[in-house]
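Colleague: Sequence and predicted structure below; questions after.
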Amino acid sequence: MFLILLLSSILSFAETTSTDEKVVGIFYMNPLFGHVHQYSVRTSASLTTIQCAHPVKVIESSKVSISNEWAYVQVADYRGFVMKQFLSETKPDCIQGKYPKFFDMLNMDLSELYYWGRLYDHYVQGETRVQ
Amino acid sequence: MTIMFRAKLAFSSFVLLFTISALSQTSKLQEEKELEVVNFKSIKKVLQQDGLSQSAKMKTKQVAVLKIEQTNLEVNRFNYPKEDELWGFVSEYWLVKNAQLLGWDFEKPDYGLEASFRKTLESLGFYQKKFKILLVNTPTLVRASFPGSEGEMILLLSVPFIRSLDLSKLEISLLLLEDYFRLEGGYFKKAVSTEKLKRLAGTNFYGKKPDMSMIEELLNKYDTQINQKGYSFQQQFETTKKMDSFLKSSPELWNAYFHLLGKLQSFLKVNVQYKDYLKLYPSPEMQLKWISPEEKIL
């Protein structure tokens, strides 16, 4: 009897989690640096700073409703929001990866990494159409 | 007793002889085996028939190629970025280094600048142009334009300046267009570029000490150009004339530009806070004269 109860509770838990959340896929950070935000707002607090080409797990959750511009993501233990325009399906060709020794020699401090990520949050980016 | 001794001697000498002969036989066999292994000639035909000698040669070649590739990869890790990549990188690095001074990390409303500037560019026939606009929260830097990566432009504009002048979206777009023309004119790169940048960009520093003073020099020159040097009368004349010729095809835009220059002229005359603007961007008064239609004497 106890075993049946245990099994049914495990099954119901699995069902709940599977219906609530779905991993959309693994994407990669496109800009040089970026932030995982606490809320889906450009100026919201940063949970963590990530580098270009860092893998990001995009999650679809019924508990989280966001605008089309944002993705709900998980990076290590952090769950937060990244703008979709910063995510790429394929691993990007980053300056850090192309010129690793040059990049190391810059000895950037944490505040510089933070601001570099913020810079991309604040840019108003655009491109004129193809003729 | 003697017989016993002789028999023992004969037996031991027999054992000794047997051991020696056995040992000599074993070493010979080993040599022969080694010879057989080393001597490819004896199995050359078999190897050729099986194609094994060819695959052995191929493998040796492949290993050599892999080794070269591996060395190249290691050496390439020590490359300086190419000049085009460096411009974009240094422009952003300068913005990061001056983040607190420029105060660009602040909350602001969406001015709809992306759509407005994109439309202005497209209406004048500028297609496939990438731009990044950064609004700064300081009156000390009114405007600036930097080269980005892959032909991209980075345009800076002060929010206190926009508010003080009560600029419309169209007027902001026209200011940004002027900055785009300055960038296209190559004035910024010409003023900031260093001999070291040209010499080192795209080269390799494997086995050498990297010369990072190239970046420091560039950052200092960015400072000088943006805060002190600005643009010459000649460069302003060229930019204004370019604006004039492009906007003439659209009277609405040309009138807005003419009106904007008038607005700037009267605002900057009385506002001490923006006195440095005239040193960096001389001068709205002259710009107005340059584009004003000639008065006809009847």
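Modeller: In hand now; what should we look at?
Colleague: residues from chain B in reach of chain A?
Modeller: Within reach of chain A by CB under 8 Å from any CB of the partner chain, chain B has these residues: B:77-81, B:85, B:89, B:92-93, B:95-97, B:99, B:104-107, B:113-115, B:117-118, B:121-122, B:126-135, B:205, B:210, B:212, B:215. Where you see a C-beta, it was placed from the backbone N, CA and C, and this is true even at glycine.
Colleague: is it true that residue B:158 touches residue B:142?
Modeller: Yes. Counting by CB atoms under 8 Å, residue B:158 touches residue B:142, with 4.9 Å between them.
Colleague: where does the stretch 1-150 of chain B have low pLDDT?
Modeller: Scanning the stretch 1-150 of chain B for pLDDT under 70 picks out B:1-40, B:42, B:47.
Colleague: Neighbours of residue A:29, how many?
Modeller: 28 (other CB atoms under 10 Å in any protein chain shown).
Colleague: In contact with it, which residues?
Modeller: For residue A:29, the contacting residues are A:50-54, A:56, A:82, A:86-88, A:92, by CB atoms under 8 Å, 6 or more residues apart in numbering or on different chains.
Colleague: JSON lines please, covering those residues and showing distance to residue B:280, pLDDT and neighbour count.
Modeller: As requested, those are exported to JSON lines (distance: CB to CB, whole Å; pLDDT from 0 to 100; neighbours: other CB atoms under 10 Å in any protein chain shown):
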{"residue": "A:50", "distance to residue B:280": "37", "pLDDT": "97", "neighbour count": "25"}
{"residue": "A:51", "distance to residue B:280": "35", "pLDDT": "96", "neighbour count": "17"}
{"residue": "A:52", "distance to residue B:280": "34", "pLDDT": "97", "neighbour count": "20"}
{"residue": "A:53", "distance to residue B:280": "38", "pLDDT": "97", "neighbour count": "16"}
{"residue": "A:54", "distance to residue B:280": "39", "pLDDT": "97", "neighbour count": "18"}
{"residue": "A:56", "distance to residue B:280": "41", "pLDDT": "97", "neighbour count": "21"}
{"residue": "A:82", "distance to residue B:280": "37", "pLDDT": "97", "neighbour count": "23"}
{"residue": "A:86", "distance to residue B:280": "33", "pLDDT": "97", "neighbour count": "21"}
{"residue": "A:87", "distance to residue B:280": "38", "pLDDT": "97", "neighbour count": "20"}
{"residue": "A:88", "distance to residue B:280": "38", "pLDDT": "97", "neighbour count": "15"}
{"residue": "A:92", "distance to residue B:280": "36", "pLDDT": "96", "neighbour count": "15"}
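Colleague: If we check chain B, which of these are in contact?
Modeller: Taking CB under 8 Å from any CB as the test, chain B is in contact with none of the contacts of residue A:29.
Colleague: Strands of chain A, start to end?
Modeller: Counting by DSSP state E, chain A has these strands, from start to end: A:21-29, A:33-37, A:46-51, A:55-61, A:70-75, A:78-83, A:87-88, A:124-127.
Colleague: and these, which is most packed in?
Modeller: strand A:33-37 (a mean of 24; mean count of other CB atoms under 10 Å in any protein chain shown).
Colleague: Report the mean per-residue pLDDT for it.
Modeller: For strand A:33-37, the mean per-residue pLDDT is 97.
Colleague: What lies in contact with it?
Modeller: By CB under 8 Å, 6+ apart, strand A:33-37 touches A:44-52, A:56, A:73, A:75, A:78, A:80-82, A:86, A:113-114, A:116-118, A:120-121.
Colleague: got it, and stretch A:54-70?
Modeller: When contacts are defined by CB under 8 Å, 6+ apart, stretch A:54-70 is touched by residues A:19-29, A:36, A:40, A:50, A:71-75, A:79, A:81-85, A:87.
Colleague: Would you mind extracting the C-alpha trace of it into CSV?
Modeller: Taking Å, rounded to 0.1, in the frame of the first residue of the first chain, the C-alpha atoms of stretch A:54-70 are listed here in CSV:
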residue,chain,number,x,y,z
HIS,A,54,28.4,30.8,-23.0
PRO,A,55,25.7,28.1,-23.3
VAL,A,56,22.3,29.2,-22.0
LYS,A,57,19.4,26.8,-21.4
VAL,A,58,16.2,28.4,-22.6
ILE,A,59,13.1,27.3,-20.6
GLU,A,60,9.4,27.6,-21.3
SER,A,61,7.4,27.7,-18.2
SER,A,62,3.7,28.2,-17.6
LYS,A,63,4.6,30.0,-14.4
VAL,A,64,6.6,32.7,-16.2
SER,A,65,4.9,35.0,-18.7
ILE,A,66,7.2,37.3,-20.6
SER,A,67,7.1,39.5,-23.8
ASN,A,68,8.3,38.1,-27.1
GLU,A,69,11.6,40.1,-26.7
TRP,A,70,12.8,38.1,-23.7
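Colleague: did I read that right, residue B:252 in a helix?
Modeller: Yes. Residue B:252 forms part of a helix when assessed by DSSP: H, G, I helix; E, B strand; the rest coil.
Colleague: can you pull the pLDDT of it?
Modeller: The per-residue pLDDT reported for residue B:252 equals 94.
Colleague: Could you tell me how far it is located from chain A?
Modeller: Applying CB to the nearest CB, to the nearest Å, the value for residue B:252 to chain A is 19 Å.
Colleague: all strands for the stretch 101-250 of chain B, in order.
Modeller: Per DSSP state E, counting those that start in this stretch, the stretch 101-250 of chain B carries strands over the ranges B:130-136, B:143-147, B:153-158.
Colleague: Is it possible to get CSV of those strands that adds mean neighbour count?
Modeller: Below are those laid out as CSV (neighbours: other CB atoms under 10 Å in any protein chain shown):
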stretch, mean neighbour count
strand B:130-136, 22
strand B:143-147, 23
strand B:153-158, 23
